[in-house]
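Got a predicted structure here, sequence first:
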Amino acid sequence: MAAFADHPALRDHWYAVARSSELDAGPVGVTLLGEPLVLWCDPAGDVVAAPDRCPHREAPLSAGTVTDGELTCCYHGWCFGEGGACVRIPSADPATPIPPAAHLSTHRCQEAYGLVWVCPGEPAGPLPCIAQEHDPRFRRINTEGEIWAASTTRMVDNFLDIAHFPWVHAGTFGGAQEPRVDHIDLEDLGDGWFGYVYEVDAGNPAEAVAVTGSEAGIVHRWMSTGFHLPFTVRSTIRYQDGLEHILLLVSTPVDDVTSWFTFVVWRNDDFSVDPEEIIAFDRAIGAEDKAMLEQVPGTLPLARTGLVSVQADKPSVAWRRQLAELLGR
Ligand code: FES
Ligand code: FE
C-alpha cells in the first residue's frame, strides 16, 4: 500500500504546522505530509509557506535569515520577499530581470488560534471552528508543539476514546473512572464537530487543582468530544460551577509514523491563574498518551475488518469510516 501521508486527498485539508510565535526568531523548517517546508513572516506581515528548497541550488531556506520580512538563502544570498517572490540575486547585475522560476511556489497559509495552518492543495473546507476564540469570557492558552513518534491516525483514534482513561491516565485523572463505558450516541456537536457527549468522574490530584478550580478528590465532568476531518479533535469539559475548559487537540502528519502535536486551551476562568500552571496538567496527560502511542507501531488500519472494536470504540469507528471515505478506500 502506498504510504499514508502520500495520499493526494490529504493535501486538500488544513494542517497546523507551527506556533505563530515560533516565526518571531526567523525562518522555521517543518515537514508536512512528507514535504519539508519553510515558513516565515513576509514584509506584509503574512506567513509564507514554501518548499524548503532554494530554487538556485536547493539549499534549505529554513537555514537562512529573515530581515525586515525578507528571507535570505544562506548559500548565495538570494532574497525572497512578499508572497515568496525573489527580490534580489546578489551575484547578478541588478538591471537583469529576475528569472520567473526564481520565485517560490507557495502553499496556502493562514494563522488562527496562535497557530500557522497550511493547505498544500485546494482546501476542501474551512479550518476547525472554536467559537470561544471570539468570546471575551474565554482566554486562549497555547503551548509548545512537539514531535511524537506515532502515526497521526493512532493519535486521533486515542483522542476520541475514553476507555483508555482508567489505564493510560491512572497517573493523572483516570484512576477515579469506572472502566465500563456507557452507551455512546454520536451526534452533530455544532460548528462542524461530530462526536458525543458524556459524563465522567475524574481524579483531582493536587497538580490538577489549578485546572479544575476545585480541591475535591474527585470532580464530575460533563464532556463532549468530537472530530473535524481529517485529524483535529475538540474536547470540551464543564465542571459543576460552570467553569469550561475547551481543548483543541492538533495532530499533523509529518509522515506515516511521525506527527507534530500541540494543543490549545480556551477557558472561561477569572484569568487569575498563570497559564503555565493551567496547561501543566494537560501536558502531563498528553505525555501519558505519547508514551502509550509511541509503543504502537505503524498506521491505524482503516479497513472495516482490520481491527476488533466494541461499543466504546464507536466514535473512533465513525471517524475511521469517514477518513476511509475521504481517502476513497
Ligand atoms: Fe540558495 Fe544558491 S542555493 S542562493
Ligand atoms: Fe488520552
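Nice, thanks for sending it over. Residues are numbered from 1 along each chain as shown. Ligands and ions are numbered 1, 2, ... in the order given.

Tell me the secondary structure of P253, please.
At P253 the chain is in strand, as set by DSSP: H, G, I helix; E, B strand; the rest coil.

Surely it and L10 touch.
Yes - with contacts counted by Cβ atoms under 8 Å, P253 reaches L10, the gap being 7.3 Å. Glycine gets a C-beta too; all of them are placed from N, C-alpha and C.

helices and strands around the longest helix seen in the chain, which ones?
The helix spanning the most residues in the chain, taking DSSP state H as the definition, is helix 275-293. Counting contacts by 3 or more Cβ pairs under 8 Å, 6 or more residues apart in numbering; DSSP states H and E, helix 275-293 is packed against strand 139-142, strand 146-148, helix 152-159, helix 165-168, helix 209-212, strand 258-267.

Kindly report which one of those carries the lowest mean pLDDT.
Mean pLDDT values for the helices and strands packed on helix 275-293 show the minimum at helix 209-212, a mean of 86.

in the helix or strand following that helix, what's buried?
Sequence order places strand 218-228 as the next helix or strand after helix 209-212, per DSSP states H and E. Buried residues in strand 218-228, counted by 16 or more other Cβ atoms under 10 Å: V219, R221, M223, S224, T225, G226, F227, H228.

Enumerate every residue touching the third one.
Just to be clear, that refers to M223. V197, Y198, E199, V200, S235, T236, I237, R238 (Cβ atoms under 8 Å, 6 or more residues apart in numbering).

will you turn these into a markdown table that also has pLDDT and distance to ligand 1?
Putting those into a markdown table (pLDDT from 0 to 100; distance: Cβ to the nearest ligand atom, whole Å) gives the following:
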| residue | pLDDT | distance to ligand 1 |
| --- | --- | --- |
| V197 | 96 | 53 |
| Y198 | 92 | 53 |
| E199 | 90 | 57 |
| V200 | 85 | 54 |
| S235 | 97 | 43 |
| T236 | 97 | 46 |
| I237 | 95 | 48 |
| R238 | 95 | 52 |
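
Could you report the separation of the nearest residue to L61 once chain neighbours are set aside from ligand 1?
Sequence neighbours aside, V38 is the residue nearest to L61 in space, at 4.2 Å (criterion: Cβ to Cβ, 6 or more residues apart in numbering). Distance of V38 to ligand 1, computed by Cβ to the nearest ligand atom, to the nearest Å: 11 Å.

where does the residue nearest the centre of the chain land in three-state SS?
With distances taken as Cα atoms, centre = their mean, the residue of the chain nearest its centroid is V250 (2.2 Å). Three-state assignment for V250 (three-state DSSP): strand.

do the same with V273
Once three-state DSSP is applied, V273 turns out coil.

How much space separates it from ligand 1?
Counting by Cβ to the nearest ligand atom, the gap from V273 to ligand 1 is 47 Å.

can you tell me which residues contact that residue?
V273 makes contact with A210, according to Cβ under 8 Å, 6+ apart.

element containing W319?
Per DSSP H and E: helix 314-326 holds W319.

Any idea how many residues pack against the residue in the stretch 201-329 of the chain positioned nearest to ligand 1?
The stretch 201-329 of the chain approaches ligand 1 most closely through V254 (24.1 Å), counting by Cβ to the nearest ligand atom. Residues lying near V254 (other Cβ atoms under 10 Å) number 22.
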